[in-house]
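Participant: Based on what follows, work out the 3D shape:
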Amino acid sequence: MHVSTVTQPAPAMAATRHWPVPEERRTVSVLFVDIVGSTALVDRLDPEDVRTLQREYFATVAAVLRRWNGVVEKYVGDAVMALFGGVESDGFDAYRAVRAGLEIQRVLDGHPLAGGTVVRLRVGVATGEAVVGLAAAHDAGHGAVSGAVVTLAARLQEHAPRGAVIVCADTRRATADLVDYRDLPPASMAGKPAPVAVWRAAGTAPSRATGGEPPFIGRRRELAALRDQVVRAVRERTARWVSVVGPTGVGRSRLLAELARTVRQVDGVPVRWCGAQCPPYPDVPAAPLAALVGDHAGVRTGDGPAAVRHTLLAACAPAVPAGRLAATVAALGTLLGADTDDGTAARWREALLALAGRTPLVVAVDDVDRAAPEVGRFLHELFALATVRAVPLVVVVTHRPEWGDLLPLGPADRRHRLTVPPLGTVDTGRLLRHLLGETATVARLLPLVAGLPGYARAYAAQEGDDGAAHGEPPVPEAVRRMVAARLDLLDGTGRAVVMAGAAFGAGFTAERLAHLLDLDPESLRPVLRALVERGLLRWRSARHGYEVADRTLARVAYERLPRAVRAEFRRRATTPPRDGSPRPVRLVGAALPPATPEPAAPTAPGTTGRTRTRPATTPPAAAPPLAASA
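Facilitator: Sure thing, here's the model as predicted:
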C-alpha cells in the first residue's frame, strides 16, 4: 500500500495508528502543578532523600493524570506539565484537567511523603488553541504542544494559593455546568498588559442545564414512534427496549423529556417513570442507578437518612412484599449512597420489576454511553427479566451513534433503535426565529446550524457578542467542542480526509483528494463511503463528487490544519499533477516553496458565496423512523 509522502506519520505514532496529518491546531487544556517552596525544601534535605521524595511525588501525579486521560508533557524541576485533548478530545478535556487538579490536591497537598516530608501544591489549568505534534503527544513527549496556553497555565500555577486549583476564563466556560467555582480577584501576571480573570475550583457540581428548555419543533414523527412503543408495552403487557440514537446536539435529551411529559397514561392506565442522566466521568459507577432510585422515590438533595428511609418505604411498600420490604429499603438506601454490589443492584432490579407488575413503568437513561459498564449490564438484565416475566416495562436509553450499542437479548420485535436526524430547513428556521426573533440573522445562521438544535442554541447565545454582524460568526466554543469530539472519533486517515475536503470548499472527487494527500484514490474510496455513512461527508453527484456535510464542521476541520499544510493544499488544488505518480513533499519541519499569503478568511469552509440550507443528513422519506434491530 502506498503511504503518503506528504503525511508520513512519525515512527512513534506509526506504531499505533496511521496519522496522515502530523500536526494540528487544537483547543487543548494544559495543567501545571508545582511544589510550593521547593527550593527551601531541597536545601534542607539530603540529595538521596530529595530523589526519593521526587519519585513518589512524580509517580503519584502521573498516576492521577493517567486516570483522567492526561499526558505528562514535561517535568520542569518540581513542576509537572500535562496536556488534555492533545490527540483525542471527548468534549470534556477541560473538565478532566480540572478534576485531575482537584484529585492531585486531595491526595498530595498537606500529606506526608517519603521520610515524612509534607508538601504543599499549587495547580493552574488553562484552555486555548495550540499546535500539537500528534506523534509526540505522549508521556514525556517534550515539546508536543506550543502556544500561549502553555505560558498561561504556568502563570496561573504561580498565582494559585496553596492547595488550590485556579483556572482561566476559557476553562471556566467549558466546565461551568460541571464544576463549582469561587471568584478570585483578577491576577496581574508577567507579560500580560492587564490583570487576568481567574477562578478557584471548589469541587464538582451536579450536571445542570445551561439554559431554558428549547421549543419542541420538528420531532412529531419520532415522538409518535416512541409513544407507540410505550402504548404497545402497556396494552400487550410486554417489555420493550428502545435506543434513541443521534449526534451530540441533535436533541436526544429534549425528545426524551417530551416523551416523559406527554405519556403519563395509556387508555386510562397510569404510566410511572423513573429516569437518570449520566454525567461525564461520575465519581462512582453506580451514580446513574442511584439517580434512578432518587427519581422514582422522590428523594431530594439534602434529605437526611431518616427522611430518605421514610420516602423509600412509601415508594416501595405498594409493590414489594412485606417480608422483603426492609431489606429492599436498606439496599436502596445503600445505593443512594453510591455504594453498590451485585446484591444491591439485584434488590433494585427486583423492586423495579415488582413496580412494573403493578403499574406500567418506563426506565429512561439519558447519555448511557457515558455510563460505566455496570449500568449497561443492569439495564440489559432488567429488560431480560421483564421479558421473561411479561411485565409492562420499557427501557429507553439515548446515546451517540458512534457508541457500540449492543441491543440486549430478547425477541427482535421488542428491541428497537430510533435514529434522530437533524432538523429540516423549515424546522431549523422556526427554531432560530424562536431564539432570535424575526431577524436577518436567521438566514445567516441557517446553513451553519446544520439542523442541530444544540448548534442553534449556541450560535443564538453568542449573537450580538461575536463582533461579526455582517460576516460569518465565529464557531461557538460549545459547538467547537462537539465537532472536535466527533472528528477525534475518526482514525488518522479519516480525519485527514475531512480536513483536506474542507480545504476544497466545494465538491471534490477521490482523485482530487488523493492528489492533495498524495495517496492512491482507490485506498480512499472506502474511507469516503464510511464518512458518508457517519454523516461527516455528503455525496453531491457524479460531477461534483463529495463535500463536507456542513459548514461548521468544515470550518473546525480546516482550522485544525497548520498554515504550512493549508498553503500546500492550496498549491496542489490549483496545480493538478502531470502524471499519476506521487511526488515527495515534506510539510512539517522543512522549508516549503513560496505560497500565496493566506487570506484573512479562508475560502474553503463557509465562504464560497453559496448558501446551503439543507440539513447535514436527510433520511429517505419512505424509511420508518423506528426500525426493529436483531
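
Participant: quick one: Met481 from Leu446, how far?
Facilitator: If you look again at residue 481, you'll see it is Arg, not Met. Distance, Arg481 to Leu446, using C-beta to C-beta, to the nearest Å: 22 Å. From N, CA and C alone the C-beta is placed, and that goes for glycine too.

Participant: Mean confidence (pLDDT) on stretch 366-374, please.
Facilitator: Mean per-residue pLDDT for stretch 366-374: 90.

Participant: Just the buried residues of it, please?
Facilitator: 366-372, 374 (16 or more other C-beta atoms under 10 Å).

Participant: Export it to CSV, keeping only CA atoms.
Facilitator: Output in CSV follows, covering the C-alpha atoms of stretch 366-374 (Å, rounded to 0.1, in the frame of the first residue of the first chain):
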residue,chain,number,x,y,z
ASP,A,366,-30.0,9.7,29.1
ASP,A,367,-26.5,9.6,27.7
VAL,A,368,-26.0,6.0,28.6
ASP,A,369,-22.7,6.0,26.5
ARG,A,370,-21.1,8.0,29.4
ALA,A,371,-22.0,5.4,32.0
ALA,A,372,-19.9,2.6,33.4
PRO,A,373,-20.4,-1.0,32.0
GLU,A,374,-22.2,-1.9,35.2
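
Participant: ok, Arg525 touching Thr509?
Facilitator: No. At 10.2 Å, Arg525 and Thr509 do not qualify as touching, with contact defined as C-beta atoms under 8 Å.

Participant: State the phi and psi torsions of Glu129.
Facilitator: phi -80, psi 140 (degrees, to the nearest 10).

Participant: Which positions are bridged to it in the beta structure?
Facilitator: On the basis of DSSP bridges, Glu129 is bridged to Thr27.

Participant: hang on, it packs against Leu152?
Facilitator: No. At 11.4 Å, Glu129 does not count as touching Leu152 under the criterion of C-beta under 8 Å.

Participant: When Arg481 and Leu446 are compared, which one has more neighbours?
Facilitator: Neighbours were tallied for Arg481 and for Leu446 using other C-beta atoms under 10 Å; the higher tally belongs to Arg481 (23 against 20).

Participant: That one and Ala554: what is the separation?
Facilitator: Look at Arg481 and Ala554: by C-beta to C-beta, they are 17 Å apart.

Participant: Check Ala154 too.
Facilitator: 34 Å.

Participant: Who has more neighbours out of those two?
Facilitator: Neighbour totals were compared for Ala154 and Ala554, and Ala554 leads with 26 against 20 (other C-beta under 10 Å).

Participant: what helix or strand is the more buried one on?
Facilitator: In this assignment (DSSP states H and E), Ala554 forms part of helix 551-559.

Participant: Now tell me what touches that helix from outside.
Facilitator: With contacts defined as C-beta atoms under 8 Å, 6 or more residues apart in numbering, helix 551-559 is touched by 25, 447-450, 455, 472, 475, 479-480, 483-484, 486-487, 495, 498-499, 501-503, 505, 536, 548, 566, 602, 604-606, 612, 616.

Participant: List the first helix or strand encountered after that helix toward the C-terminus.
Facilitator: With elements assigned by DSSP H and E, the helix or strand that comes after helix 551-559 is helix 563-574.

Participant: Would you mind getting the angle between that next one and helix 551-559?
Facilitator: 110 degrees (axes from the mean of the first three to the mean of the last three C-alpha atoms, to 10 degrees).

Participant: Helix 563-574: which residues count as buried?
Facilitator: Neighbour-count burial for helix 563-574 flags 564-573 (criterion: 16+ other C-beta under 10 Å).

Participant: the strands in the stretch 451-600 of the chain, which residues?
Facilitator: Per DSSP state E, counting those that start in this stretch, the stretch 451-600 of the chain carries strands over the ranges 537-541, 545-548.

Participant: need those strands in CSV with mean neighbour count, can you?
Facilitator: Formatted as CSV, the strands of the stretch 451-600 of the chain follow (neighbours: other C-beta atoms under 10 Å):
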stretch, mean neighbour count
strand 537-541, 15
strand 545-548, 24
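
Participant: got CSV for those, with mean pLDDT and distance to Leu353 too?
Facilitator: As requested, these are exported to CSV (pLDDT from 0 to 100; distance: least, C-beta to C-beta, whole Å):
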stretch, mean pLDDT, distance to Leu353
strand 537-541, 90, 45
strand 545-548, 92, 48
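
Participant: need those strands in a markdown table with distance to Glu103, can you?
Facilitator: Shown next, in a markdown table, are these (distance: least, C-beta to C-beta, whole Å):
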| stretch | distance to Glu103 |
| --- | --- |
| strand 537-541 | 40 |
| strand 545-548 | 39 |
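
Participant: Looking at the ones you listed, which is nearest to Leu53?
Facilitator: Of all the strands of the stretch 451-600 of the chain, it is strand 545-548 that lies closest to Leu53, at 52.1 Å by C-beta to C-beta.

Participant: so what secondary structure elements neighbour the closest one?
Facilitator: Applying 3 or more C-beta pairs under 8 Å, 6 or more residues apart in numbering; DSSP states H and E, we find strand 545-548 packed against helix 492-504, helix 510-517, strand 537-541.

Participant: now those in a markdown table, with distance to Ala233?
Facilitator: Formatted as a markdown table, the helices and strands packed on strand 545-548 follow (distance: least, C-beta to C-beta, whole Å):
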| stretch | distance to Ala233 |
| --- | --- |
| helix 492-504 | 39 |
| helix 510-517 | 47 |
| strand 537-541 | 37 |
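
Participant: winner for burial among the ones you listed?
Facilitator: Sort the helices and strands packed on strand 545-548 by mean neighbour count, taking mean count of other C-beta atoms under 10 Å, and helix 492-504 sits at the top with a mean of 25.

Participant: angle of that one against helix 551-559?
Facilitator: Put simply, helix 492-504 runs at 110 degrees to helix 551-559, going by the same axes, to 10 degrees.

Participant: pLDDT (mean, whole number) over helix 492-504?
Facilitator: The average pLDDT within helix 492-504 is 90.

Participant: Repeat that for stretch 149-165.
Facilitator: Mean predicted lDDT for stretch 149-165 stands at 94.

Participant: same question, stretch 34-48
Facilitator: Mean predicted confidence for stretch 34-48 is 84.

Participant: Can you pull out the low-pLDDT segments for this structure?
Facilitator: 1-20, 136-143, 207-213, 296-343, 405-406, 464-471, 576-630 (pLDDT under 70).

Participant: mind checking the longest helix of it?
Facilitator: Using DSSP state H, we find that the single longest helix of the chain is helix 47-67.

Participant: list the buried ones in the helix or strand that that one is followed by?
Facilitator: Toward the C-terminal end, the helix or strand that comes next after helix 47-67 (DSSP H and E) is strand 71-76. Neighbour-count burial for strand 71-76, with 16+ other C-beta under 10 Å as criterion, is recorded at 71-74.

Participant: which strands and helices sit next to the helix or strand following strand 71-76?
Facilitator: Once the chain leaves strand 71-76, the next helix or strand it forms, by DSSP H and E, is strand 79-84. When contacts are defined as 3+ C-beta pairs under 8 Å, 6+ apart, strand 79-84 packs onto strand 23-35, helix 47-67, strand 71-76, helix 93-108, helix 148-159.
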